[in-house]
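Participant: Pasted the sequence and its predicted model underneath.
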Amino acid sequence: MLYLKEKFKIFFGKKIIYWLTILTLSVNFYLWYLIYNFVNFGKEFHVLHYNVYFGIDLIDSPQKLLSIPFLGILILIINLFFSYIVYIFKKEFIIPYFLLTASLFVNLELIVYLIGVIGMEY
């Protein structure tokens with residue numbers, strides 16, 4: 001147990017891993033902020049998907065929009081877990097850098113998606 005605790009300290013001792021995790025969490029917090037401030041949960045239907053070719057093609061309850069930040073945090077947790085496992089067994093940092101950067105970009109893409117979906121309503 002002490003071995004894993006020391007590895008955990010070394011893992012988050014790397015500044016890029018620490019800052020990628022913090023930045024991804026702050027982007028995910030911004031997703032929650034957007035949903036809290038701009039989604040009207042009193043409405044019965046909300047636009048959930050827009051396609052350039054067909055226009056609005058998915059309308060459902062606004063509670064379904066809550067799955068967007070959950071998806072972002074789930075991807076961060078999974079990538080953080082796999083990057084920690086790779087570090088423990090392979091003792092490499094390049095793969096954890098890629099995994100955490102991917103989770104940051106996925107959360108940024110979720111912001112773009114959410115802004116587009118919210119923009120359809122206003």
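Facilitator: Received it, and whenever you're ready, just let me know what you need.
Participant: Return the list of helices and strands in contact with the lowest-mean-pLDDT helix or strand in the chain.
Facilitator: Sorting the helices and strands of the chain by mean pLDDT, DSSP states H and E puts helix 2-13 at the bottom, at a mean of 78. Judged by 3 or more CB pairs under 8 Å, 6 or more residues apart in numbering; DSSP states H and E, helix 2-13 is in contact with helix 15-38, helix 67-90. C-beta: built from backbone N, CA, C; applies to glycine.
Participant: Show me what the one helix or strand residue 56 maps to packs onto, helices and strands only.
Facilitator: If you go by DSSP states H and E, residue 56 is part of strand 55-60. Contacts defined by 3+ CB pairs under 8 Å, 6+ apart place strand 55-60 against strand 46-51.
Participant: The strand it packs on pairs with which strands?
Facilitator: Applying DSSP bridges, strand 46-51 is found paired with strand 55-60 (antiparallel).
Participant: So for the helix ranked longest in the chain, what gets flagged as buried?
Facilitator: The single longest helix within the chain, with elements called by DSSP state H, is helix 94-121. If you call a residue buried by 16 or more other CB atoms under 10 Å, then helix 94-121 has these buried ones: 96, 99-100, 102-104, 106-108, 110-111, 114, 117-118.
Participant: got the angle for that helix vs helix 15-38?
Facilitator: Orientation of helix 94-121 against helix 15-38 (axes from the mean of the first three to the mean of the last three CA atoms, to 10 degrees) gives an angle of 10 degrees.
Participant: what angle do helix 94-121 and helix 2-13 make?
Facilitator: Using the same axes, to 10 degrees: helix 94-121 against helix 2-13 is 60 degrees.
Participant: check contacts around the residue positioned nearest the centre of the chain.
Facilitator: Centroid-nearest residue in the chain, with CA atoms, centre = their mean: residue 72, separated by 2.3 Å. Under the criterion of CB atoms under 8 Å, 6 or more residues apart in numbering, the contact list for residue 72 reads 24, 27, 28, 31, 103, 106, 107, 110.
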